[in-house]
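A.B. asks: The sequence and its predicted three-dimensional model are supplied below.
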Amino acid sequence: MSLLELSNVTAGYGQTPVLFDISMKVEKGDLACLLGRNGVGKTTLLRSIIGLNALSKGSMVFDADDISKTPTYKRAKYGIAYIPQGREIIPYLSVLDNLKLGLAASGRKSKKVPDEIFEFFPMLKEHLSRQGGLLSGGQQQQLAIARGLMCNPKLMLLDEPTEGIQPSIVQEIEETLKRINKEKGITVLVVEQKIDFARQLAEKFFIMDKGAIVARGETKALTDSMVNQYLAV
Ligand SMILES: Nc1ncnc2c1ncn2[C@@H]1O[C@H](COP(=O)(O)OP(=O)(O)OP(=O)(O)O)[C@@H](O)[C@H]1O
Ligand SMILES: [Mg+2]
């Protein structure tokens, strides 16, 4: 059984649908990317998976549970982590307190940041008492991923983690996401606009256009003509 399965999902904002009849499966252990031009509904799709946008039609199953109507905080406890576009670090809280927000989301009792977080992100250990807002964009992105990892998720949803980040950090983020996937077995779904990054990172892809999934498959089968048709600006 798939870890996440969407069947004929329609969703949007208020009365305005943005996603139309989306069916997709994400398998346990997948490292997949979700591609598409600006405004096609990528963020809305992630928001629907975490429950921030209600479904007007269709259903969603996560790890054998129907979560179509489950509130967002419970989806986090079930094991879905969401790293939003723009990172949403709390600027005036310390790095440590930002990390602990991830523990709160998971409903875990422990108050301690597990050592493995610092194995994945050694930089954070050096900046624990700094205000989150004083980190660089790339460091804030790493903090946001670390915060997502704190709830020990089964599925991580990341929305454009490389947006506005310098190339050396992009490379680090790529390596870290691969490690999180391979070493921890966490399933990863990344929204991405940079085709080269997506090709290097992900094994599978979905392409969205106008609120629908229009292509999908193994990343090695992602052709230039698909890129030109759906992704070139
Ligand atoms: N809060 C909102 N209220 C109403 N409409 C919205 C809202 N957020 C997004 N939309 C609309 O939903 C559509 C899809 O937006 P969405 O943010 O999901 O696209 P996206 O693929 O993530 O774009 P980008 O690549 O620019 O991040 C757009 O037409 C957008 O105007
Ligand atoms: Mg978006």
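C.D. replies: Happy to help now that I have it. Numbers count the residues shown, from 1 in each chain. Ligands and ions are numbered 1, 2, ... in the order given.
A.B. asks: List the contacts of the residue in the chain positioned nearest to ligand 2.
C.D. replies: Relative to ligand 2, the nearest point of the chain is residue 43 (3.2 Å; CB to the ion). In this view, the C-beta of every residue, glycine as well, is placed from N, C-alpha and C. Counting by CB atoms under 8 Å, 6 or more residues apart in numbering, residue 43 touches 85, 159, 191.
A.B. asks: try it again with 6 Å
C.D. replies: 85, 159 (CB atoms under 6 Å, 6 or more residues apart in numbering).
A.B. asks: Check which helix or strand it maps to.
C.D. replies: helix 42-50 (DSSP states H and E).
A.B. asks: Going C-terminal from that helix, what's the next secondary structure element?
C.D. replies: Assignment by DSSP H and E places the next element after helix 42-50 at strand 55-62.
A.B. asks: picking up where we left off before, can you dump the C-alpha coordinates of the helix holding residue 43 into CSV?
C.D. replies: Output of helix 42-50 as CSV, limited to C-alpha atoms (Å, rounded to 0.1, in the frame of the first residue of the first chain):
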residue,chain,number,x,y,z
LYS,A,42,2.1,23.2,-6.1
THR,A,43,1.8,25.0,-2.8
THR,A,44,-1.9,24.5,-2.6
LEU,A,45,-1.4,20.7,-3.2
LEU,A,46,1.1,20.5,-0.2
ARG,A,47,-1.3,22.6,1.9
SER,A,48,-4.1,20.2,1.1
ILE,A,49,-1.9,17.2,2.1
ILE,A,50,-1.2,18.8,5.5
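A.B. asks: And ligand 1, is it touching that?
C.D. replies: Yes. Counting by CB under 6 Å from any ligand atom, contacts between helix 42-50 and ligand 1 involve 42, 43, 44.
A.B. asks: In terms of secondary structure, what does the lowest-mean-pLDDT helix or strand in the chain contact?
C.D. replies: Every helix and strand of the chain was ranked by mean pLDDT, DSSP states H and E. The lowest is helix 95-106, at a mean of 86. Counting contacts by 3 or more CB pairs under 6 Å, 6 or more residues apart in numbering; DSSP states H and E, helix 95-106 is packed against helix 137-149.
A.B. asks: how about 10 Å then?
C.D. replies: Applying 3 or more CB pairs under 10 Å, 6 or more residues apart in numbering; DSSP states H and E, we find helix 95-106 packed against helix 72-78, strand 80-83, helix 115-120, helix 122-126, helix 137-149.
A.B. asks: Kind regards, and thank you for your time.
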